[in-house]
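1. pasting the sequence and the predicted coordinates here, then a few questions.
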Amino acid sequence: MKIEQTKLSGVLVLTPKIFNDERGFFYESYSKNSFLEHGVNHDFIQDNHSYSRDKYTFRGLHYQMNPKAQTTLIRVVSGEIMDFAVDLRKNSPTYGQYTSVLLSAENHKQLLIPKGFAHGFLTLTDNVNILYKMDDIYAPEYDRILNVRDHQVDIKLGVDFDKITIAKKDEKAPMLENIENNFIYIK
Ligand SMILES: Cc1cn([C@H]2C[C@H](O)[C@@H](COP(=O)(O)OP(=O)(O)O[C@H]3O[C@H](C)C(=O)[C@H](O)[C@H]3O)O2)c(=O)[nH]c1=O
């Protein structure tokens with residue numbers, strides 16, 4: 001497994017070793033030992049699966065506040081997405097900045113997003129299935145949303161917003177200056 005840093009400390013791009021043969025392919029989609037060998041230690045306790053029917057569906061930017069903040073390990077098993085993480089850790093040198101990574105069933109890449117970040121993705125094909133691991137349970141009372149159209153973060157979606165399928169709760173979410181946020185950056 002190859003691990004690459006992004007400009008946001010703690011957000012990692014993982015590329016597993018794929019074993020291809022005449023039948024198809026095999027790879028270890030998650031290995032705690034491989035993570036530990038790279039100094040990455042999370043205890044995932046919940047697997048999620050989301051399916052988005054249409055191209056240009058946006059889900060996010062979601063996060064759970066402390067004490068129920070979650071680390072996310074996401075991969076795409078059909079289709080393609082542009083995945084986004086936004087740094088919400090106060091005092092972080094990259095506070096309010098985002099990174100984006102193309103994840104697809106073809107490139108097998110995964111994104112590890114630690115606690116303290118908002119997460120979202122834009123589907124780039126129809127019929128996108130994503131699987132992701134979380135290291136804490138779903139806690140709706142701590143669930144919050146950052147508006148993907150926040151001007152400070154200035155996420156470039158690359159498609160007119162009126163072409164995007166998005167849940168009303170995401171479309172009407174608060175901007176960065178108005179969100180509830182209790183993440184603190186620890187150097
Ligand atoms: C996240 C979650 C949701 N649900 C229920 C609650 C709702 O009735 C239904 C749909 O939830 P939601 O609209 O929040 O699903 P997404 O918009 O895909 O949200 C997810 O997508 C963004 C990109 C994320 O990173 C989070 O994993 C998560 O917030 O599933 C559960 O029962 N358990 C869960 O862990």
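-> Received the coordinates, thanks.

2. for the residue of the chain positioned farthest from its centre, what are phi and psi?
-> Relative to the C-alpha centroid of the chain, counting by Cα atoms, centre = their mean, residue 22 is the outermost residue, at 32.6 Å. The phi and psi values for residue 22, taken as degrees, to the nearest 10, are phi -60, psi -20.

3. state the helix or strand in which the most centrally placed residue in the chain lies.
-> For the chain, residue 119 is the residue whose C-alpha lies nearest the centre (Cα atoms, centre = their mean; 4.3 Å). Assigned by DSSP states H and E, residue 119 belongs to strand 117-123.

4. can you give me the buried ones in that strand?
-> Residues 117, 118, 119, 120, 121, 122, 123 are the ones in strand 117-123 that count as buried (16 or more other Cβ atoms under 10 Å). For the C-beta atoms, the positions are set from N, CA and C on the backbone; glycine is no exception.

5. anything in it near the ligand?
-> Yes. Contact between strand 117-123 and the ligand, assessed by Cβ under 6 Å from any ligand atom, occurs at 119, 120, 121.

6. the last one reaches residue 85, doesn't it?
-> No. Under the criterion of Cβ atoms under 8 Å, residue 121 lies out of contact with residue 85, with a separation of 9.8 Å.

7. up against the ligand, what does this protein have?
-> Listed as neighbours of the ligand in the chain under the rule Cβ under 6 Å from any ligand atom: 48, 50, 59, 60, 62, 72, 119, 120, 121, 138, 167.

8. looking at these, which are in strands?
-> Per DSSP state E, strands hold the following members of the residues of the chain next to the ligand: 48, 50, 59, 60, 62, 72, 119, 120, 121.

9. can you list those in JSON lines and add pLDDT and distance to residue 128?
-> Formatted as JSON lines, those follow (pLDDT from 0 to 100; distance: Cβ to Cβ, whole Å):
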{"residue": "48", "pLDDT": "98", "distance to residue 128": "14"}
{"residue": "50", "pLDDT": "98", "distance to residue 128": "8"}
{"residue": "59", "pLDDT": "98", "distance to residue 128": "10"}
{"residue": "60", "pLDDT": "97", "distance to residue 128": "13"}
{"residue": "62", "pLDDT": "98", "distance to residue 128": "16"}
{"residue": "72", "pLDDT": "98", "distance to residue 128": "16"}
{"residue": "119", "pLDDT": "98", "distance to residue 128": "15"}
{"residue": "120", "pLDDT": "98", "distance to residue 128": "13"}
{"residue": "121", "pLDDT": "98", "distance to residue 128": "8"}
